[in-house]
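[1] Turn this into a structure:
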Amino acid sequence: MRGVLVLAGLLAAWFAAPSQAQDNRTFGEWMVVCDNLKTCSAFGFSESASESWIKVSRDAGPGAAPRVSLGLNFFEEPPAGGVWSVHADGRSLLVIDPDEDEGRWTRTLDAKDSAVLIDVIRDARTLSIQGPSGIKSDISLTGSSASLRYIDAQQDRAGLADALVARGAGQPSAAPAAPPLPIVEVPPAAKGGAKSKPPVFIREIAKHEDCDSLGDPNDFPAIWARLGPDLQLWGAICSSGAYNFSYKFFTADNAGRKVAELIFPYADGYGEETGYVTNPDFDPSTLTLSAFEKGRGLGDCGSMIRWAWNGQAFVLVEQSVMSDCRGVSSDDWPTLYRAEVRQVR
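    Sure, this is the predicted structure:
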């Protein structure tokens with residue numbers, strides 16, 4: 001399907017060529033992603049796919065403490081109750097009480113336990129998570145030290161006493177502040193007449209040269225919203241697959257004229273702008289349009305994107321990404337870009 005092929009091509013471009021995207025790097029078995037505010041996240045995964053992972057994340061700026069999250073996925077029902085232990089090269093480090101959710105065990109550690117784990121994984125080879133019933137999953141630490149050192153460099157912490165790896169005598173207060181959060185102003189929620197009949201170009205979207213595999217139109221109704229008193233947003237299914245459903249979006253006046261096809265930007269270095277919005281969701285109260293580009297049906301990899309209507313175009317306000325399909329919930333995906341949406345009153 002064209003929509004799926006487009007997504008596959010974008011994922012390949014984002015993750016196969018890190019030299020084109022300076023804030024997404026791979027070191028050994030680890031990956032690092034930093035966003036426009038220099039918040040960085042480093043991930044390590046078990047050698048067996050879809051089992052366990054570790055995430056080390058840190059905001060930029062003085063006083064920002066690193067945070068460590070752990071995850072373990074189950075192919076069957078997870079064991080009930082019991083504590084879990086974390087080991088590095090056979091040495092016991094932590095005993096923790098897990099949070100369980102939909103066949104997934106996760107835990108975000110406090111600052112103290114996060115610091116203990118970071119100090120050890122820099123020089124260890126394997127991190128192990130062990131639980132009831134003999135459950136054990138190993139995470140390779142090859143590349144962990146280089147990944148953490150890269151975060152230090154991106155946040156200008158090298159030589160400071162609180163650096164993750166590149167520690168020195170410098171005061172933690174010397175870390176530069178994070179860049180300012182971009183502001184995107186959007187108009188108030190639009191008011192106007194009722195929804196009009198779908199324009200001809202929406203009803204005949206199947207004739208669009210870039211559209212195919214539409215499926216049953218009753219399963220994919222046209223999306224409509226009002227952007228202004230005489231401006232309507234229309235979306236029509238353009239490509240459908242097993243788990244990705246791509247729409248094309250247009251603006252038109254209330255009479256279905258003055259038609260303009262919309263283009264949506266990605267974060268710099270992470271793919272070209274696109275005319276497709278995958279698995280879209282529009283919020284009329286904030287004039288924001290969201291996409292979930294799934295890398296596979298489980299939805300544990302791909303990209304999540306949000307654009308806001310600024311009165312002239314849809315502009316990027318948030319994008320997060322996960323290149324490895326390893327059972328990481330979208331709540332733990334690292335961000336590539338974020339901005340604040342302010343609605344003008």
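
[2] Relative to residue 94, how far out is the residue with the largest distance to the centre of the chain?
    Distance from the C-alpha centroid of the chain, by C-alpha atoms, centre = their mean, peaks at residue 255 (37.8 Å). To residue 94, residue 255 is 65 Å away according to C-beta to C-beta, to the nearest Å. Any C-beta I mention is one placed from the backbone N, CA and C, and that applies to glycine too.

[3] what's the spacing between residue 130 and residue 138?
    From residue 130 over to residue 138 the distance is 10 Å, taken as C-beta to C-beta.

[4] My error: substitute residue 187 in the last question.
    Counting by C-beta to C-beta, the gap from residue 187 to residue 138 is 52 Å.

[5] Output the below-cut-off pLDDT ranges for this protein.
    Applying pLDDT under 70 to the chain flags the ranges 1-22, 48-50, 75-81, 101-103, 213-217.

[6] Domain map for it?
    Listed domain ranges for the chain are 38-174, 183-343 (source: automatic domain parsing).

[7] and the last one, how far from the chain's centre?
    When you say that, I think you mean domain 183-343. Offset of domain 183-343 from its chain centre (C-alpha atoms, centre = their mean, to the nearest Å): 16 Å.

[8] Could you work out the end-to-end span of that domain for me?
    10 Å (C-alpha to C-alpha, to the nearest Å).

[9] Next, the contact list for the residue nearest to residue 47 when sequence neighbours are not counted, please.
    Spatial nearest neighbour of residue 47, excluding adjacent residues (C-beta to C-beta, 6 or more residues apart in numbering): residue 140 at 5.8 Å. By C-beta atoms under 8 Å, 6 or more residues apart in numbering, the residues touching residue 140 are 28-29, 44-47, 125-126.

[10] Which among those residues count as buried?
    Buried by 16 or more other C-beta atoms under 10 Å: 29, 44-46, 126, out of these.

[11] quick one: the helices in the stretch 1-150 of the chain?
    Chain-ordered helices for the stretch 1-150 of the chain, with DSSP state H, counting those that start in this stretch as the definition, fall at 2-16, 111-121, 144-154.

[12] My read is that residue 46 contacts residue 135, right?
    No: between residue 46 and residue 135 there is no contact under C-beta atoms under 8 Å: 12.0 Å.

[13] what bridges to the residue nearest to residue 47?
    Per DSSP bridges, residues listed as beta-bridge partners of residue 140: residue 126.
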